[in-house]
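Requesting a structural model of the entry that follows:
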Amino acid sequence: MNDTIESIEGSLGITLDMGLAGALVAVVIMALGFIRTAVPSFPSRWVPLITWVLCSLLYPLVLNEWSRESIIAGLICGVIATGTHSGVRKTVDPEHKVDKKLSEVSTRARQAFGKSSQTNR
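A predicted model of the protein is given here:
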């Protein structure tokens, strides 16, 4: 008997490829983490929506099967990515020290950029 789960079929008849889902979740979490670090002023409230839409488009694209089921499976991957990121972030940084530090760095960069652009005029 094989102990690994290669795919899960839900009650709606949607089959979720676990290998692809795991890879997609990891890539989306890393991509959004990069965006969040590169653009500290990026509004956090849009991250779940962007994640869901991105996964809903990437899953069928990688699977090369554009159907209602594959889009819903992608949406499920987006929900998994959002929940995983939230859980890990609250476990690793429960007091949001990283977010506060990013905010401070962003403020300093804006101040420095503002001062340098004013002196160049």
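
Stretch 51-70: which residues count as buried?
Judged by neighbour count (16 or more other CB atoms under 10 Å), stretch 51-70 contains these buried residues: 51, 52, 54, 55, 56, 58, 59, 60, 70. (Each C-beta comes from the backbone N, C-alpha and C, glycine too.)

Other residues contacting that stretch?
Where contact means CB atoms under 8 Å, 6 or more residues apart in numbering, the residues beyond stretch 51-70 that reach it are 12-15, 17, 20-21, 24-25, 27-28, 31-32, 71-75, 77-79, 81-82.

Those residues, buried ones only, as a PyMOL selection?
Remark: buried members of the contacts of stretch 51-70, expressed as a PyMOL selection using 16+ other CB under 10 Å:
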select buried, resi 14+17+20+21+24+25+28+32+71+72+73+74+75+77+78+81+82
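
among the contacts of stretch 51-70, which are in helices?
Within the contacts of stretch 51-70, residues falling in helices by DSSP state H are 20-21, 24-25, 27-28, 31-32, 71-75, 77-79, 81-82.

and the gap between the residue positioned nearest the centre of the chain and residue 110?
In the chain, the residue lying closest to the centroid (CA atoms, centre = their mean) is residue 29, at 3.7 Å. As judged by CB to CB, to the nearest Å, residue 29 and residue 110 stand 27 Å apart.
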